[in-house]
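Participant: sequence plus the predicted model coming up.
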Amino acid sequence: MKEYMDNRELSWLKFNDRVLKQANDTNVPLAERLTFISIYQTNLDEFFRVRMGFLYDQMLFYPAMREGKSDMTSEEQLKACFRKVRVLNKKKDHYYKKVMSDIKAATGFEIIPVKDVTHKSDRKALDDFFDNRILPLLSPQKISKRTPFPFLNNGELYIIAQLESKKGKRKMGTVSIANAQDERLIPLPGQPGHFVLAEDLILSKLPELFRKDKVVKSSLVRCTRSADIEEDDYTLEEHADYRTLMENMIRQRRKLHPMRLEYTPGLEDLELDMLAHFLDIDKRQMFVSESPFDFSFVFTIQKMLKYQYPQLFYKPLVPKNSPMVANTTPMIRQIQKHDIFLAYPFESMAPFLRLLDEAAVDPNVRSIKMTLYRVASNSRVVRSLIRAADNGKEVVALVELRARFDEQNNIGWSKELEAAGVHVIYGLSGLKVHSKLCLITVKNDEGISYVTQIGTGNYNEKTAQLYTDMCLMSADQDIGEEANVVFSQLLQGETVTHTDHLFVAPNCMITKICERIDKQIEIAKAGGKGYCAFKCNAITSKQMILKLIEASQAGVEIDLVVRGICCLIPGVRGYTDNIRVRSIVGRYLEHSRIYIFGERDKDPEVYISSADLMTRNLVRRVEVAAPILDAGIKATILRMYECMLEDNVKASQLGPDKAYKRVKNKKPHMNSQEHFFEKKI
């Protein structure tokens, strides 16, 4: 393993560790810490489904292949990740118990084990609840030659019971409890503020479900299945379309190989061996947990507590109206006068939504073209496009059906858009369209002009309140013309091969980034101060890593704000001496991407982008980065970046030892996310 590079999967686990540590941070309000435990678990579920699923397949088909940064085989990476996850899960269990104990002390609210319910009225209430609301939904079964072990659906909860007949014969019983999970928290009427979990109640009722046998041991289990499946694994049937292929792929994904089995204490080695056999997994893929597998119930807890105990939650922060936007002037007319910049969630997404609403009815608007990667389940954006089509405008929507785990939502919207007369396309073979690009074509007496919106985040009203993202709306005709070429090429199933203003992956992004880094290398070699800075979610591209190392060796100063995976290790003598890496994990998910080339006082080039510095973004996706040409907007973005570098509340610094340490100094506290809300951006 090269000392200046880290393994991608292990780096991601370090990120999820930083998320989990928020649950033990006294600066985070008590009830909000439950959210970070839930995010940790959800993140880990997806990690096993996607990354571990990929490595598992690679281990089967290419066992000798080694990862290019750490020189580890797939099997070595899997083993290393399994070891790390065990450590993290113990920490998760500890944090969950501590947070729930602190909530009990602060509010009296408590989830108690069913065995500790002693009041007769509460026992009667639980019995009635089970008999009337749960029992009709259960189908307990004993495993035998005639009743084989059931298929475990991804993410659903099951009970495994060790049974013993009157003759002393051991059997295994199973109960699927997925249908009985609608009401996870069951209140105890005799103890206000006290609850039991539905799965715990079902566990306590196993003797009633298996009346002819003795229940010796029992455990909750949950299976996580691989989601590593691509459209290349399928061939379209004659007369079938691409959307049909994706629907078939989603159905098939539910049946892929198990990657992980979680279980609660209670099973003996024999039962674990049997489960490993039934699921065809290694026991290294089995993880014991002393906290719930599914933390979706924490949002119910928070809803109960929020009104009475507001001090246990974040102070409400309301997105500001952008000072660049006038409420009484049509958006297109404002953008034609000057570029408009929005920073979510600190500023409202409303001006962009207003732009779409107005464009849908503006008689001068001839067409709206837009890429849709992830949209809200009740999307105002899509409704505006449908309204535009109803008004006779040409509307082109590129709906990316391969947006992982959003495929079903996007398939539904694609059908609705098509029914409204929108021209829907599904992207390119082998390339996901991940760009956030909207082009509005205007025709009036003065001719044809463009209004272009380029963003770092999805067209999703919900995530615009939870993720930090940036939005540029511009009437610059050079940008508009190149955006039009992007759409023209996509409509023909092709990609842009030349641009002068935009960076457009896969052909015109990484080369342009490297050209600008080379310019800073030349400045440094000539005795000047070369400088580059990037903010993104991940850095994994080996080409980019080697270029940044080259720049560091030439004396270029480099700042990187990387939320998640960072395979580049800073501060390694002779390689990355001039590189600094920090990660910000706070109340909002850091999601914006910024590229900066040159010192602030030397009028640097600044771009915002949809692309991380990952191989998949730079060479396997259609991505767009836009130059910031307005001096005021450029100054704003540079100021925001400097605040992130000054964050000493939510930032962690990556060291040459490959470990992250929270930034601590004697400077005034700077929580960059809260600062952007409290101060004018």
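Facilitator: In hand now; what should we look at? Numbering: from 1, shown residues only.
Participant: secondary structure class for the residue of the chain positioned farthest from its centre?
Facilitator: Among the C-alpha atoms of the chain, the one most distant from their mean position (CA atoms, centre = their mean) is that of residue 167, at 52.2 Å. Following DSSP: H, G, I helix; E, B strand; the rest coil, the label given to residue 167 is coil.
Participant: what about it, distance to residue 142?
Facilitator: Computed as CB to CB, to the nearest Å, the residue 167 to residue 142 distance reads 14 Å. Using the backbone N, CA and C atoms, a C-beta is placed for each residue, glycine as well.
Participant: which positions within stretch 271-281 qualify as buried?
Facilitator: By neighbour count on 16 or more other CB atoms under 10 Å, the buried set for stretch 271-281 is 271, 272, 274, 275, 276, 278, 279, 281.
Participant: what lines up beside the lengthiest strand in the chain in the sheet?
Facilitator: Scanning the chain for the strand with the most residues, using DSSP state E, yields strand 214-225. With DSSP bridges as the test, strand 214-225 is paired with strand 157-164 (antiparallel), strand 258-263 (antiparallel).
Participant: same for the helix or strand following the first one, what does it pack against?
Facilitator: If I follow you right, that is strand 157-164. As assigned by DSSP states H and E, the chain's next helix or strand after strand 157-164 is strand 170-176. Identification of packing neighbours for strand 170-176 by 3 or more CB pairs under 8 Å, 6 or more residues apart in numbering; DSSP states H and E yields strand 141-142, strand 157-164, helix 206-209, helix 269-279.
Participant: run the chain-centre distance for the helix or strand that contains residue 636.
Facilitator: Assigned by DSSP H and E, residue 636 falls within helix 631-646. The chain centre lies 25 Å from the centre of helix 631-646; the measure is CA atoms, centre = their mean, to the nearest Å.
Participant: helices of the stretch 1-150 of the chain, residue ranges please.
Facilitator: Counting by DSSP state H, counting those that start in this stretch, the stretch 1-150 of the chain has these helices, from start to end: 8-21, 30-47, 53-61, 74-107, 120-129.
Participant: just for this protein, where's the confidence low?
Facilitator: Within the chain, the segments meeting pLDDT under 70 span 1, 230-240.
Participant: what does the domain assignment say about this protein?
Facilitator: In terms of domains, the chain is parsed into 1-107+296-315, 115-281, 331-494, 504-678 (source: automatic domain parsing).
Participant: got the ones you listed as TSV, with distance to residue 288 columns?
Facilitator: What follows is the domains of the chain, written out as TSV (distance: least, CB to CB, whole Å):
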stretch	distance to residue 288
domain 1-107+296-315	8
domain 115-281	6
domain 331-494	27
domain 504-678	27
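Participant: name the nearest residue to residue 198, sequence neighbours excluded.
Facilitator: residue 184 (5.2 Å; CB to CB, 6 or more residues apart in numbering).
Participant: I'd say the one you found and residue 299 touch.
Facilitator: No - assessed by CB atoms under 8 Å, residue 184 is found out of contact with residue 299, at 10.3 Å.
Participant: okay, those two: which has more neighbours?
Facilitator: Neighbour comparison, residue 184 and residue 299: the larger count goes to residue 184, with 22 against 12 (by other CB atoms under 10 Å).
Participant: now that one: how far from residue 123?
Facilitator: Residue 184 is 20 Å from residue 123, by CB to CB.
Participant: and if you look at residue 401?
Facilitator: The value you get for residue 401 to residue 123, if CB to CB is used, is 51 Å.
Participant: looking at the two, which is more packed in?
Facilitator: residue 401 (23 against 14).
Participant: against residue 615, how distant is that one?
Facilitator: Remark: distance between residue 401 and residue 615 (CB to CB) = 22 Å.
Participant: okay, now residue 570: neighbour count?
Facilitator: Residue 570, neighbours per other CB under 10 Å, totals 24.
Participant: would you confirm that it contacts residue 659?
Facilitator: No - using CB under 8 Å, residue 570 is not in contact with residue 659; the gap is 11.7 Å.
Participant: can you name the residues that contact residue 177?
Facilitator: Residue 177 makes contact with 138, 157, 158, 159, 198, 199, 202 under the criterion CB atoms under 8 Å, 6 or more residues apart in numbering.
Participant: quick one: the helices in the stretch 551-681 of the chain?
Facilitator: Using DSSP H, counting those that start in this stretch, the helices of the stretch 551-681 of the chain run over 615-619, 631-646, 672-678.
Participant: dump those to a markdown table, plus mean neighbour count.
Facilitator: A markdown table is the format used below for the helices of the stretch 551-681 of the chain (neighbours: other CB atoms under 10 Å):
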| stretch | mean neighbour count |
| --- | --- |
| helix 615-619 | 19 |
| helix 631-646 | 17 |
| helix 672-678 | 19 |
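Participant: can you tell me which of those helices is nearest to residue 60?
Facilitator: helix 615-619 (21.7 Å; CB to CB).
Participant: next up, the contacts around residue 444.
Facilitator: residue 364.
Participant: dihedrals phi and psi, it?
Facilitator: phi -140, psi -170 (degrees, to the nearest 10).
Participant: I'd like to know how far it sits from residue 267.
Facilitator: In this view, residue 444 and residue 267 are 73 Å apart by CB to CB.
Participant: same thing with residue 212?
Facilitator: Counting by CB to CB, the gap from residue 212 to residue 267 is 21 Å.
Participant: and those two? Which one has more around it.
Facilitator: For residue 212 versus residue 267, the count of surrounding residues by other CB under 10 Å is larger for residue 267: 22 against 8.
Participant: helix, strand, or coil at that one?
Facilitator: The three-state assignment at residue 267 reads coil, by three-state DSSP.
Participant: what's the burial count for residue 52?
Facilitator: Neighbourhood size, residue 52 [other CB under 10 Å]: 26.
Participant: wait, it touches residue 81, no?
Facilitator: Yes - assessed by CB under 8 Å, residue 52 is found in contact with residue 81 at 6.6 Å.
Participant: give the buried residues for stretch 73-80.
Facilitator: Across stretch 73-80, burial judged by 16+ other CB under 10 Å covers 73, 74, 76, 77, 78, 80.
Participant: let me have the residues you listed in a markdown table, adding distance to residue 652 as columns.
Facilitator: Formatted as a markdown table, the buried residues of stretch 73-80 follow (distance: CB to CB, whole Å):
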| residue | distance to residue 652 |
| --- | --- |
| 73 | 30 |
| 74 | 29 |
| 76 | 26 |
| 77 | 23 |
| 78 | 26 |
| 80 | 21 |
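Participant: tell me the one of those residues nearest residue 24?
Facilitator: Residue 24 has its nearest neighbour among the buried residues of stretch 73-80 in residue 80, at 24.1 Å by CB to CB.
Participant: which non-adjacent residue is nearest that closest one?
Facilitator: Computed as CB to CB, 6+ apart, the closest residue to residue 80 that is not its neighbour in sequence is residue 10, at 6.1 Å.
Participant: same question for residue 670.
Facilitator: With CB to CB, 6+ apart, the residue lying closest to residue 670 is residue 646, at 4.7 Å.
Participant: contacts only, for the residue farthest from the centre of the chain.
Facilitator: Counted by CB under 8 Å, 6+ apart, residue 167 has zero contacts.
Participant: for the stretch 251-400 of the chain, which segments are assigned as helices?
Facilitator: Using DSSP H, counting those that start in this stretch, the helices found in the stretch 251-400 of the chain span residues 269-279, 298-306, 331-337, 350-361, 380-390.
Participant: which of these sits closest to residue 471?
Facilitator: helix 350-361 (5.7 Å).
Participant: figure out how far the closest one is from the centre of its chain.
Facilitator: 27 Å.
Participant: again, but for stretch 114-130
Facilitator: Here the centre of stretch 114-130 is set off from its chain's centre by 40 Å, with CA atoms, centre = their mean.
Participant: ok, which stretches of the stretch 301-450 of the chain are strands?
Facilitator: Remark: strands assigned in the stretch 301-450 of the chain by DSSP state E, counting those that start in this stretch are 340-344, 365-372, 394-399, 423-425, 432-433, 437-444, 447-455.
Participant: let's have those in a markdown table, adding distance to residue 97.
Facilitator: Formatted as a markdown table, the strands of the stretch 301-450 of the chain follow (distance: least, CB to CB, whole Å):
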| stretch | distance to residue 97 |
| --- | --- |
| strand 340-344 | 35 |
| strand 365-372 | 42 |
| strand 394-399 | 44 |
| strand 423-425 | 49 |
| strand 432-433 | 41 |
| strand 437-444 | 47 |
| strand 447-455 | 41 |
